[in-house]
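In: Predicted structure and sequence below. I'll ask about it afterward.
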Amino acid sequence: MMKNRQHIKWGFLFFFLPVVLWLFLLIVLPHLELLRLSFTKANTGKLTLDNYLAFFREPIYWLTFVRTAGYSILVTFLVMVISLPVSFYISKMVRGRMTGALMILILVPFWVSELIRVYGWMILLRESGILNHFLVTLGFFKEPVEMLYNDITMIMGLVYTSMLFMVVPVIGVMDDLDNSIIEAAYDLGASKIAIWRTIIIPHCASGLVNGGIIVFMLVLGSYLTPNLMGGKNSLWFTEQIYNQIILYFNWNQGAAFGFLLLALSSLIIWVLLKLTKQNLKEVVKK
Amino acid sequence: MESALSVQNVTKRFGDFTAVDQVSFEVEDGKFFSILGPSGCGKTTLLRMIAGFYKPDGGTLLFNGKNMDGVAPNKRPVNLVFQNLALFPMMNVHENIAFGLRRRGERGPEVDRKVRSLLERVGLPESGKKQISQLSGGQKQRIAIARCLIMEPTVLLLDEPLGALDAKLREHMKVELKTLQSQVGTTFVYITHDQSEAMVMSDTVAVMNNGHFEQIGTPQELYHEPKSSFVAQFVGNNNKLRVRLHRDAEGDTIARYSDRYDFKLAQKFEQSGLEDEYDLFIRPEAVIINPGEGRENFQTVPVDVTSILFDGGNSRLMVKPLGTEGELVVALPQTREYDSIRSGDRIQVGWDLNKTVCFKRSDWKLYDEE
Ligand SMILES: Nc1ncnc2c1ncn2[C@@H]1O[C@H](COP(=O)(O)OP(=O)(O)OP(=O)(O)O)[C@@H](O)[C@H]1O
Ligand SMILES: [Mg+2]
C-alpha cells in the first residue's frame, strides 16, 4: 500500500515537472521580466510609471486601444451570431455523412497558414482582384473599386479567421440538445424565434462562452489580419506594441502596452463570464 | 355531438415503406382513447401527424370539426407528451409549466396562479423551484403532463409516457393518469404497447398492427370478441391451438386438432375456407377444470397436468391434451377446490363453445412477448 502510493507520486512528478518547467521558463519568467521592464525607464533602468502614463497622455495610443477592444467585441459577437445557424445546420439539419463533409469544409482553410488565407482574401478583393474583375465585366461597376484596407474588410477577415473556434464548441453542445426538446417547445406554441431564444441559445451558452473567450483572445491578439487587410487606416493595438519594440527599440514602452492588453482581455472575459453567469472552471471543463 | 378529434384515412409513407396506412377513427370529447400496438407498428408516426410534426401523405385531420391541413404544430390546439418526456433542462419546474402560457403572451400573477393550481392537481405543490434533474422518474412524468394540460388542449396526446418507469411505479401511474383524466375532463389519446395499460385506462382502444387498425372497441369488446387473429393474440393471454376445419354430417363446423380431437365450434364458416390452416383461441379462464357431465354446447378434453404455476390470484395449470404435444394454459382459481391436483394427474378440462374464437392462421411477430 505504502509502496504503491510512492509509485503514484513519482509517476505524477515525472509528467508534472516538464509542464511546470515549460510554464515557468516560457511563460512566467518572460512575463516577470516584461513586467519589470514596463516599470523601468529606458536606458537608465530607474523605476517609473512613465510608460503607463504615456499611454494615457497620447490619444493615438488609447484611441487605438479602445478601437481594438471595441472591434474585438464586435467580431466576437458577429462570430457568435453567424456560428449559431451554421452549427444548427450542421448538427441538426443534415444527416450522417454530410455532417462530416461540412465539418471538413470548415476545417480545411485552417490547414494553411493565416498568411496564405489573408493573401487569398487580398487576391480576391484588391483593386485588380478577381471580384472587381467580375463586377466590372458584368457591368455593376464602371471601374475597379479598392475593397481592401478598410474596417469592414478587416472585420470580415477577422470573422472568417476565427469562425472555426466558435463553430466547433457550439456544435459540441448542440449535438447534446435532444431534438424532441425543440419539438416540445414548438408543440407548446413557441415560434421559431422563441425556440432560439428560450431553448437553443440557453442550451448552447456554455459553448458560446467557451468559443467567445477563444475568439476574443485570438482577435484581440491578432496581428497579421488587421495589419494586412486593414492597411494604414485601421490601426490595431498589437501594431503599436510591434512598433514600440521593433521600430523604436523601446522595450519598456512595448512591455507596458503588452500588460495593458493583457489586463484588458482579462477584464473583458471576466465581464463576459459575469454577464452570462458562467463560471470559468465549468466552461474550461466542458 | 362533434368529435374532438376525427382522423380520416390518414396515410404516411417513408420512401417505399408505408408506416401508417389509411387509418380512421373518431374520439369523442372527454374520452380516453388508446392506440395499442407492438413496437414499430406506426404509433408514434400517427401521433406525430396529429401533432403536426409530419405531414400526412393522404387523408384528413379534424379537431372539433376544423381541418388541420397546413396548420403548424405551434398553432394546433393539441399538445404532445413525448416518449422521452422532453422537459426543458435549462428551466426549473415552474418555468417548464409556464412555458406554453408565456408563448401565448400571458404574463403576471395569473400565470403563477395557474401553474400553482396545476402543480397541486398533479400532486407536486412544492416543487416549482426544483430543477428538472432533481425530479424522480414519476415526478418528471407528472410535470410533462402538467406542462401540456396548462394549455387546455382540445386533445392531449401521450406517447408511451410510462415506458421509462419501473413496473411498480407504472402500475401506480396507470391508476393516477386515469383519475387525472376524469378530473380534468381533457380528451386523451394515449399510445402504448402494453395491453394492460390500454385496458385499464381507456374508454376505447384501437389495436394497431403494421400501420393499420385491426379493431376499435371497448376493452371488453376487444377481449371477448376479437375480430382478428392478431387482436386475439395481442390483447390478453390466449391459448392458441393449431387446427384444421371440416364439416360434419349435420353441417356444423368442426376444428380438428392434432389429427385426434374434433372440437365443435359455435362460429359458422364459409365453405371455401374449410380444411385450411386455422387457429383456435381459448382464454385460460374460459377453461373449466373437471367440468362434470351434462353441459350444453360444451367441449371436454382429457389432459395430463404438466406443471402447476402458483402465483396467487393469477395461478395457472399447464396441461397437455392426451396424445398430443400441445400445451394449454388453464386458470387455476384459488378457491381451495383444486388443491388436490398434482403435477402428472390426468384430469378433464372443458370450455363453452361460445367462448372460443377461430381465425385463419396468420403468424405475427410479437415484439412484446415477454
Ligand atoms: N423518419 C423516418 N424515416 C423512415 N422510417 C421511419 C421514420 N420514422 C419511423 N419510421 C419507420 O416507421 C415505422 C413505425 O415507426 P414508429 O416510430 O411510428 O413506431 P412505434 O409504433 O412508435 O414504435 P415504438 O413502440 O417502438 O415507439 C418503423 O418501422 C420505423 O422504422
Ligand atoms: Mg413510438
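Out: That came through, no problem. Ligands and ions are numbered 1, 2, ... in the order given.
In: Helix, strand or coil: sort out B:T60 for me.
Out: strand (DSSP: H, G, I helix; E, B strand; the rest coil).
In: give the contact list for it.
Out: Counting by CB atoms under 8 Å, 6 or more residues apart in numbering or on different chains, B:T60 touches B:S6, B:V7, B:Q8, B:N9, B:V10, B:N67, B:D69. C-beta coordinates here come from the backbone N, C-alpha and C atoms, glycine included.
In: 6 Å instead?
Out: By CB atoms under 6 Å, 6 or more residues apart in numbering or on different chains, B:T60 lies in contact with B:Q8.
In: tell me the pLDDT at it?
Out: Predicted confidence (pLDDT) for B:T60: 93.
In: Is it bridged to anything, and to what?
Out: B:Q8 (DSSP bridges).
In: what's the neighbour count on the residue lying closest to A:I199 once chain neighbours are set aside?
Out: Distances taken as CB to CB, 6 or more residues apart in numbering or on different chains put A:A185 closest to A:I199, at 4.9 Å, once the chain neighbours are dropped. A:A185 has 25 neighbours, counted by other CB atoms under 10 Å in any protein chain shown.
In: Spell out which helix or strand contains A:A185, please.
Out: helix A:179-187 (DSSP states H and E).
In: Same question for that helix: list its buried residues.
Out: Residues of helix A:179-187 classed as buried: A:S180, A:I181, A:I182, A:E183, A:A184, A:A185, A:Y186, A:D187 (neighbour count, 16 or more other CB atoms under 10 Å in any protein chain shown).
In: Now pLDDT too, for these, in TSV please.
Out: Putting the buried residues of helix A:179-187 into TSV (pLDDT from 0 to 100) gives the following:
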residue	pLDDT
A:S180	93
A:I181	95
A:I182	95
A:E183	94
A:A184	95
A:A185	95
A:Y186	94
A:D187	94
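In: Poorly predicted segments of chain A, please.
Out: Within chain A, the ranges that satisfy pLDDT under 70 run A:1-8, A:233, A:278-286.
In: In it, what residue lies closest to ligand 1?
Out: Nearest residue of chain A to ligand 1 (CB to the nearest ligand atom) works out as A:R95 at 10.3 Å.
In: Close to chain A: what parts of chain B are there?
Out: B:51, B:73-74, B:79-80, B:82, B:84, B:86, B:90, B:99-100, B:103-104 (CB under 6 Å from any CB of the partner chain).
In: on that earlier part again, how far away from the center of its chain is the helix holding A:A185?
Out: 33 Å (CA atoms, centre = their mean, to the nearest Å).
In: if we can go back for a sec, got the residues of chain B next to chain A as a markdown table, with pLDDT, distance to A:S191 and secondary structure columns?
Out: As requested, these are exported to a markdown table (pLDDT from 0 to 100; distance: CB to CB, whole Å; DSSP: H, G, I helix; E, B strand; the rest coil):
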| residue | pLDDT | distance to A:S191 | secondary structure |
| --- | --- | --- | --- |
| B:A51 | 94 | 17 | helix |
| B:P73 | 92 | 11 | helix |
| B:N74 | 91 | 7 | helix |
| B:N79 | 94 | 16 | strand |
| B:L80 | 94 | 17 | strand |
| B:F82 | 92 | 20 | strand |
| B:N84 | 89 | 23 | coil |
| B:A86 | 92 | 18 | coil |
| B:M90 | 91 | 18 | coil |
| B:F99 | 95 | 13 | helix |
| B:G100 | 94 | 12 | helix |
| B:R103 | 93 | 7 | helix |
| B:R104 | 91 | 11 | coil |
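In: For those, name the two members farthest from one another.
Out: Maximum pairwise distance among the residues of chain B next to chain A (CB to CB): 24.9 Å, between B:N84 and B:R104.
In: quick one: which of those two has more around it?
Out: Neighbour comparison, B:N84 and B:R104: the larger count goes to B:N84, with 16 against 13 (by other CB under 10 Å).
In: which one is that one nearest to, not counting chain neighbours?
Out: The nearest residue in space to B:N84 (CB to CB, 6+ apart) is A:S180, at 5.8 Å.
In: B:P226 now?
Out: Distance criterion CB to CB, 6+ apart; nearest residue to B:P226, sequence neighbours excluded, is B:A232 at 4.0 Å.
In: Next up, phi/psi of that neighbour, please.
Out: phi -60, psi -40 (degrees, to the nearest 10).
In: about what we covered before: go ahead and confirm the residue nearest to B:N84 touches B:V81.
Out: No - the pair A:S180 / B:V81 is not scored as a contact, 10.7 Å apart, by CB atoms under 6 Å.
In: what's the longest helix seen in chain B in contact with?
Out: Secondary structure of chain B per DSSP state H: the longest helix is helix B:167-184. By CB under 6 Å, 6+ apart, the list of residues contacting helix B:167-184 from outside reads B:F32, B:G138, B:L162, B:F188, B:E197, B:V200, B:M201.
In: Which of the residues in that helix are classified as buried?
Out: Buried residues in helix B:167-184 (16+ other CB under 10 Å): B:L169, B:R170, B:M173, B:K174, B:E176, B:L177, B:K178, B:L180, B:Q181, B:V184.
In: Kindly report the same for stretch A:45-57.
Out: A:D50, A:N51, A:Y52, A:A54, A:F55.
In: Could you do stretch B:285-299 as well?
Out: Within stretch B:285-299, the residues scored as buried using 16+ other CB under 10 Å are B:A286, B:V287, B:I288, B:I289, B:P291, B:F298, B:Q299.
In: One more: stretch A:243-262?
Out: Neighbour counts over stretch A:243-262 (16+ other CB under 10 Å) mark A:244-245, A:250-261 as buried.
In: cool, stretch A:78-98 as well?
Out: Neighbour-count burial for stretch A:78-98 flags A:L78, A:V79, A:M80, A:S83, A:L84, A:V86, A:S87, A:F88, A:I90, A:S91, A:K92 (criterion: 16+ other CB under 10 Å).
In: Surely the fourth one and A:M166 touch.
Out: Yes - taking CB under 6 Å as the contact criterion, A:S83 and A:M166 are neighbours in contact, 4.1 Å apart.
In: And A:V112, how far from chain B?
Out: Distance of A:V112 to chain B, given as CB to the nearest CB, to the nearest Å: 39 Å.
In: Just give me the longest helix of chain A.
Out: Assignment by DSSP H gives helix A:59-88 as the longest helix of chain A.
In: Is B:V329 bridged to anything, and to what?
Out: Taking DSSP bridges, one obtains B:M318 as the residues bridged to B:V329.
In: Over to B:E277?
Out: B:R244.
In: my guess is it meets B:K360, correct?
Out: No - using CB under 6 Å, B:E277 is not in contact with B:K360; the gap is 7.4 Å.
In: Quick one: buried ones out of the contacts of helix B:167-184?
Out: Neighbour-count burial (16+ other CB under 10 Å) is assigned, among these, to B:F32, B:G138, B:L162, B:F188, B:E197, B:M201.
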